[in-house]
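>>> next input, structure requested:
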Amino acid sequence: MASAAEQLAANLNLSSFAKATELKKRIWFTLGALIIYRLGTYIPVPGVDATVMGQLLNQNQGGIIGMFDMFTGGALGRMTVFALNIMPYISASIIVQLLSTALPSLETLKKEGEQGRKKLNAYTRYLTVLIALFQAYGIAVGLEHMTSKTGALAVVAPGPFFIMSCVVTLVGGTMFLMWLGEQITSRGVGNGISLIIFAGIVANLPHALASLFQLGYTGALSPFFVLLFLVLAGATIAFIVFMEQAQRRVVIQYPKRQVGSRMFGGDSSHMPLKVNTAGVIPPIFASSVLLIPVTIAGFMNGKGMPGWLNTLGQELGQGQPLYMLFYAAMILFFSYFYAAVTFNPEETAENLRKQGGFVPGIRPGSNTARYFDRILSRLTTIGALYLVAVCLLPQILISRYNVPFYFGGTSLIIIVSVTIDTMTQVQSHLVAHRYQGLIRKQRGRNAGKSDMGRGARRR
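Numbering: from 1, shown residues only. Now for the predicted structure:
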């Protein structure tokens, strides 16, 4: 049976949205912040030849540069101030999250509530600066040695001044995006960091669709295949939505307790466990690791490389059988690893025991922990297989039919996940606004009744 909140949410319409002035302000703020982000993706780094960068991106489109250029909305390919995007912050967040489960001091901070969260956020920002400095310096040095096929240099005036200015510009762009994402989260709608990545991917989707239709128009793809591909893309999106919202609800029972002559408690609730606990982290990690040999081979053009590394780079190219095999294996590995890091069955069972709750038919303590671990293992298996299917099917289409790279499984999962999360927050704001209106009406009625009562007593 639906809860009161779910019934209220089902009755929401456009009129309730028009009355939610606070929500409209948040939406306008979010749109304004994303527009500022998109404008920044067209401000170039001083001293870089944009024409040469475009040629280099086309040469390494299948490597890690092409994947990260998709996440940055083309900022990396144009080598703009937002070329690093928010990726250093994401890497720092993942590292701090992993360390918080391994180091007792960070684990203690994690349990201290708001104060501990603020300290962990500060550590994440410091680590973001270090990672951004390292990556920016690597990009600056790499740009000085990059040349196009015609021999043109990517940097107009190489030297220490260019390296310093490039590092300062790229690190400053990343820190600004980190601040902008936090402002969207606190003053806008949705998760700011996720929305920045979402905006970068969606910004290039029209170009990808145009490329697909161009292939059909020129005869490279048959019109029937283009139509079939669009239908398949729609079905894939629907499947992703279903899997991202799928969860296993574990029933939790609370015992009754007697206070005086009255009986309290005895209620039951449920603990939702998502099927895809790891989210989009496994495909991103797997792609990053597997595309490193391809990127190295692309930069060096086979010169000065060991023969085995050159062969490995070719075999691990996108669409190759070895790439598909390792890609699936690494998605499975990272899915189990991330699920084990983010969910602790022993800690969950202990917290449940302290609150007096229990799973019907399962003894509290270690038996409950083993029960949660068994359920999590099964859910993780289903979620990992779902990620493998969604990520490999677009890879097959890309390799066989030259479908635009933006239709990859990773980008689809990010788009769908961020959309679901943002719409859920919008609905929560609308429900809160409706509840506030009901409370104000009830207070008005009570005040009116009080005034009538006072008037009757005067008479």
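>>> and stretch 372-392, which residues are buried?
Residues of stretch 372-392 classed as buried by neighbour count (16 or more other C-beta atoms under 10 Å): 372-373, 375-376, 379-380, 383-384, 386-388, 390-392. The way it works is simple: take the backbone N, C-alpha and C, and place the C-beta from them, glycine included.
>>> give me the subset of those residues lying in helices.
Under the assignment DSSP state H, the buried residues of stretch 372-392 contribute 372-373, 375-376, 379-380, 383-384, 386-388, 390-392 to helices.
>>> count of neighbours near residue 102?
One way to gauge burial is a neighbour count; for residue 102, by other C-beta atoms under 10 Å, it gives 9.
>>> could you measure from it over to residue 191?
When C-beta to C-beta, to the nearest Å is applied, the distance between residue 102 and residue 191 equals 25 Å.
>>> now do residue 241
Using C-beta to C-beta, one gets 18 Å for the distance from residue 241 to residue 191.
>>> hmm, who's touching stretch 343-363?
Contacts of stretch 343-363 with the rest of the structure, by C-beta atoms under 8 Å, 6 or more residues apart in numbering, involve 101, 250-255, 265, 271, 273, 277, 364-366, 368-373, 376.
>>> go with 6 Å
Contact with stretch 343-363 is made by 251-254, 364, 368-369, 371-373, 376, as judged by C-beta atoms under 6 Å, 6 or more residues apart in numbering.
>>> hmm, back to that, looking at the buried residues of stretch 372-392, which one is closest to residue 52?
Within these, the smallest distance to residue 52 is 32.2 Å, found for residue 391 (C-beta to C-beta).
>>> the closest one and residue 282 touch, don't they?
No. With contact defined as C-beta atoms under 6 Å, residue 391 and residue 282 do not form a contacting pair (8.8 Å).
>>> what's the overlap in contacts for those two?
Common neighbours of residue 391 and residue 282, counting by C-beta under 6 Å, 6+ apart, are absent.
>>> okay, now the unreliable bits of the stretch 301-450 of the chain?
Within the stretch 301-450 of the chain, the stretches falling below the threshold (pLDDT under 70) are 301-319, 397-408, 433-450.
>>> change it to 80
Across the stretch 301-450 of the chain, the ranges flagged by pLDDT under 80 are 301-323, 341-342, 355-357, 393-411, 428-450.
>>> count the neighbours of residue 196 for me.
Residues near residue 196, counting by other C-beta under 10 Å, number 26.
>>> using CSV, write out every CA atom in the strand or helix carrying it.
In this structure, residue 196 sits in helix 192-203 according to DSSP states H and E. Extracted C-alpha coordinates of helix 192-203, given in CSV (Å, rounded to 0.1, in the frame of the first residue of the first chain):
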residue,chain,number,x,y,z
GLY,A,192,26.0,19.7,-8.3
ILE,A,193,29.0,17.5,-9.2
SER,A,194,26.8,15.0,-11.0
LEU,A,195,24.9,17.7,-12.9
ILE,A,196,28.2,19.2,-14.2
ILE,A,197,29.2,15.9,-15.7
PHE,A,198,25.7,15.4,-16.9
ALA,A,199,25.7,18.8,-18.7
GLY,A,200,29.0,18.0,-20.3
ILE,A,201,27.7,14.7,-21.8
VAL,A,202,24.3,16.1,-22.8
ALA,A,203,25.8,19.1,-24.5
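>>> can you tell me the average pLDDT over the following helix or strand past it?
Per DSSP H and E, the first helix or strand lying C-terminal to helix 192-203 is helix 205-218. Within the predicted structure, the mean pLDDT of helix 205-218 is 80.
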